[in-house]
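>>> model this:
(chains A, B, C and D)
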Protein chains: 2
Amino acid sequence: MARMTGGTGRTAGDTRQRGTGQRDTRQRMVVAAAQLLRERGYDGTGCRDVVARARAARGAIYHHFPGGKTEIGIEAARWAGGLVAERVERACAEAHPREGVRAVLELADRLLIRADGPAGCPVAAVTLSAEDPDGALRAAANEIFGRWRAAIAGCLARAGVDAQRAARFAAVTVAGIEGTVLLCRASGDVEPYQAVRAGLLDQLDLLLGSLPGPAEPETGL
Amino acid sequence: MARMTGGTGRTAGDTRQRGTGQRDTRQRMVVAAAQLLRERGYDGTGCRDVVARARAARGAIYHHFPGGKTEIGIEAARWAGGLVAERVERACAEAHPREGVRAVLELADRLLIRADGPAGCPVAAVTLSAEDPDGALRAAANEIFGRWRAAIAGCLARAGVDAQRAARFAAVTVAGIEGTVLLCRASGDVEPYQAVRAGLLDQLDLLLGSLPGPAEPETGL
DNA sequence: GCTTGACTAGGACGTTCGTCCTAGTCAAGC
DNA sequence: GCTTGACTAGGACGAACGTCCTAGTCAAGC
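Predicted coordinates:
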């Protein structure tokens, strides 16, 4: 009733593109869903919450997402997780592992832990949905986690770490970050993050220091 | 309707202790709640589900838990998490870190990952509840995580690892385990667990191998 | 100027939720 | 044998859920 903007649907300054439809309503819903998943989880987020935060109409749910709540969840996890994956991949592509892992930890801190509201991760949220009949939610999450792991493992392997060990360290890093988000939500502060961050960097140094070949091979600039 | 045991309330062989009330109804509810939290999360678990699995009456909810769903959640997380904490503390008390950490990983595998149904953790579940007005759920979870971390850190410190480093490794281990549970739920198999387990043991070896003093102090037996 | 299609606005549906409530059942203790 | 108290059994409550639905609004294109 007391909605502040939007009013009867569209305001004077509206700049929607002709004919193609108001494409950004869909995107606003995806972003709102990702935020809500992070804050309240999948089962704690209602479709009404999503449209309310996105300032969209309830009818927009099935107009833009015929698959209903499940489709919104998948889309939101893919969008948020993919955005992180792109940044992780970019940070890891040409950096030394120490810088790459540091950048990954920095991203987790900014996007998952110290963001508005309690710590949380939209990808974790869809993974933990109570119902997922055909496994579509978990499959989407699994794909995202795989991208994160592959990017980090590639970064280490390129620096001369044995591929198996690199893959294991990447798994520990991704699992450690997701676990840290959880611990930070439980504690309400960033202490667990600081401990895990330091612990992962400790261990990365040991791993890099134990390289059989040249201690720090130049990986091309 | 087709309830198998209990019938009209109590069967012939019932051995409830006189006067004190049927104490194990409460315990059955706690166990059922812990299982359901692991499988479906806090927001995905209803009070009706709990009493149904515990073969208890709906009226038993507020008879045994005046605080309602929140109190059941806290109790279940405390029970399940405390049980794990006791085992972790026992495994870490007198063992070499390698054995202690191995035992912790083994526990996680058996209780959180390869248990019936999808991978999950009741303590994580209450941490991720959508609503937690006075923070009671998260406080209970935080206490459990603290016990796990302290037990592992103590094990390493007793073996000669610098206290700070030991605490960090413990944080990585607990966060890594919780994250692994998540990754295993997403993937539907135990591959992430195997990678994280190997990665943590890799790094423990590096940590122990870099000890300044005697490489592997005999800690009795 | 009328049609068309994208989108808004929100009522209505059946279900499930947490919670509260009363009635009934059984065993213990006087 | 009656009272008492622990516990069962399940109806009732208002709220919220996902979903479907119709009516209304606006801009583009004929």
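
>>> Phi first, then psi, for A:Tyr42.
Here is the backbone geometry of A:Tyr42 (degrees, to the nearest 10): phi -70, psi -50.

>>> do you know how far the residue lying closest to it once chain neighbours are set aside is from B:Leu112?
Of all residues not flanking A:Tyr42 in the chain, A:Ser129 sits nearest, at 4.0 Å (Cβ to Cβ, 6 or more residues apart in numbering or on different chains). Just so you know, the C-beta spots here come from the backbone N, C-alpha and C atoms, and that holds for glycine as well. The spacing between A:Ser129 and B:Leu112, counted by Cβ to Cβ, to the nearest Å, is 18 Å.

>>> what does A:Ala85 give?
26 Å.

>>> Neighbour count for the two, which is higher?
Here A:Ala85 and B:Leu112 are set side by side on neighbour count (other Cβ atoms under 10 Å in any protein chain shown), and the busier one is B:Leu112, at 24 against 20.

>>> The helix or strand encompassing A:Glu178 packs against which elements?
Assessed by DSSP states H and E, A:Glu178 sits inside helix A:163-187. Of the remaining helices and strands, those touching helix A:163-187 by 3 or more Cβ pairs under 8 Å, 6 or more residues apart in numbering or on different chains; DSSP states H and E are helix A:97-108, helix A:122-127, helix A:136-158, helix A:191-209, helix B:122-127, helix B:136-158, helix B:163-187, helix B:191-209.

>>> can you give me the mean pLDDT across the third one?
It stands for helix A:136-158. Per-residue confidence for helix A:136-158 averages out to 97 on the pLDDT scale.

>>> Please work out which residues outside stretch A:177-187 touch it.
A:104-105, A:108, A:112-113, A:118-121, A:124, A:190-193, A:196-197, B:124, B:127-128, B:138, B:141-142, B:145, B:171, B:174-180, B:182-183 (Cβ atoms under 8 Å, 6 or more residues apart in numbering or on different chains).

>>> follow-up on the earlier one: now the helix holding A:Glu178: how far from the chain's centre is it?
Once both centres are worked out by Cα atoms, centre = their mean, to the nearest Å, helix A:163-187 turns out to sit 13 Å from its chain's centre.

>>> got the angle for it vs helix A:97-108?
For helix A:163-187 against helix A:97-108, the angle by axes from the mean of the first three to the mean of the last three Cα atoms, to 10 degrees is 30 degrees.

>>> What residues sit buried inside helix A:163-187?
By neighbour count on 16 or more other Cβ atoms under 10 Å in any protein chain shown, the buried set for helix A:163-187 is A:165-187.

>>> Ignoring the adjacent residues along the chain, who's closest to the residue nearest in space to the middle of chain A?
By Cα atoms, centre = their mean, the mean C-alpha position of chain A lies nearest to A:Gly81, the distance being 3.6 Å. Distance criterion Cβ to Cβ, 6+ apart; nearest residue to A:Gly81, sequence neighbours excluded, is A:Ile144 at 3.4 Å.

>>> Just give the number of residues close to A:Glu71.
In terms of burial, A:Glu71 registers 15 neighbours under the definition other Cβ under 10 Å.

>>> With A:Pro133 instead?
Burial of A:Pro133, expressed as a neighbour count using other Cβ under 10 Å, amounts to 7.

>>> for A:Ile61, same thing?
Applying the criterion other Cβ under 10 Å, we find 19 residues in the vicinity of A:Ile61.

>>> which one is it nearest to, not counting chain neighbours?
Per Cβ to Cβ, 6+ apart, closest to A:Ile61 is A:Cys47, 5.3 Å.

>>> just checking, that neighbour touches A:Ile72?
Yes - with contact defined as Cβ atoms under 8 Å, A:Cys47 and A:Ile72 form a contacting pair (7.2 Å).

>>> what's the overlap in contacts for these two?
Where contact means Cβ under 8 Å, 6+ apart, the residues bridging A:Cys47 and A:Ile72 through contact with each are A:Ile61.

>>> higher neighbour count, those two?
With other Cβ under 10 Å as the criterion, A:Cys47 and A:Ile72 differ in neighbour count, and A:Ile72 comes out ahead with 26 against 17.

>>> So the more buried one sits against A:Val51, correct?
No - in this structure, A:Ile72 is not within contact of A:Val51 by Cβ under 8 Å, at 9.8 Å.

>>> who touches both of the two?
A:29, A:61.

>>> How much space separates A:Gly160 from chain B?
The spacing between A:Gly160 and chain B, counted by Cβ to the nearest Cβ, to the nearest Å, is 16 Å.

>>> where does the nearest residue in space to A:Gly67 that is not next to it in sequence fall, helix, sheet strand or coil?
Nearest-residue entry for A:Gly67: A:Ile74, 7.9 Å, with adjacent residues in sequence omitted and distances by Cβ to Cβ, 6+ apart. Under DSSP: H, G, I helix; E, B strand; the rest coil, A:Ile74 falls in the helix class.

>>> tell me the contacts of A:Ile74?
When the contact criterion is Cβ under 8 Å, 6+ apart, the partners of A:Ile74 are A:67, A:126, A:136-137, A:140.

>>> Give me the distance between it and A:Val31.
For A:Ile74, the distance to A:Val31 (Cβ to Cβ) stands at 15 Å.

>>> picking that back up, just tell me which of the helices and strands packed on helix A:163-187 ends up closest to B:Ala95.
B:Ala95 lies closest to helix B:136-158 among these, at 6.9 Å (Cβ to Cβ).

>>> And for stretch A:63-72, what's in contact with it?
Counting contacts by Cβ under 8 Å, 6+ apart, the residues outside stretch A:63-72 that touch it are A:25-26, A:29-30, A:33, A:47, A:50, A:61-62, A:74-75, A:132, A:136-137.

>>> Neighbours of whatever residue of chain A ends up closest to DNA strand D, how many?
Residue nearest to DNA strand D within chain A: A:Gly68 (2.7 Å; Cβ to the nearest atom of the strand). The number of residues packed around A:Gly68, counting by other Cβ under 10 Å, is 11.

>>> per-residue confidence for it?
pLDDT recorded at A:Gly68 is 94.

>>> Could you do A:Val101 as well?
Taken from the predicted model, the pLDDT recorded for A:Val101 is 96.

>>> I am assuming it contacts A:Leu204, so please confirm or correct that.
Yes - contact status for A:Val101 versus A:Leu204: in contact at 5.6 Å, counting by Cβ under 8 Å.

>>> Great, nothing more from me.
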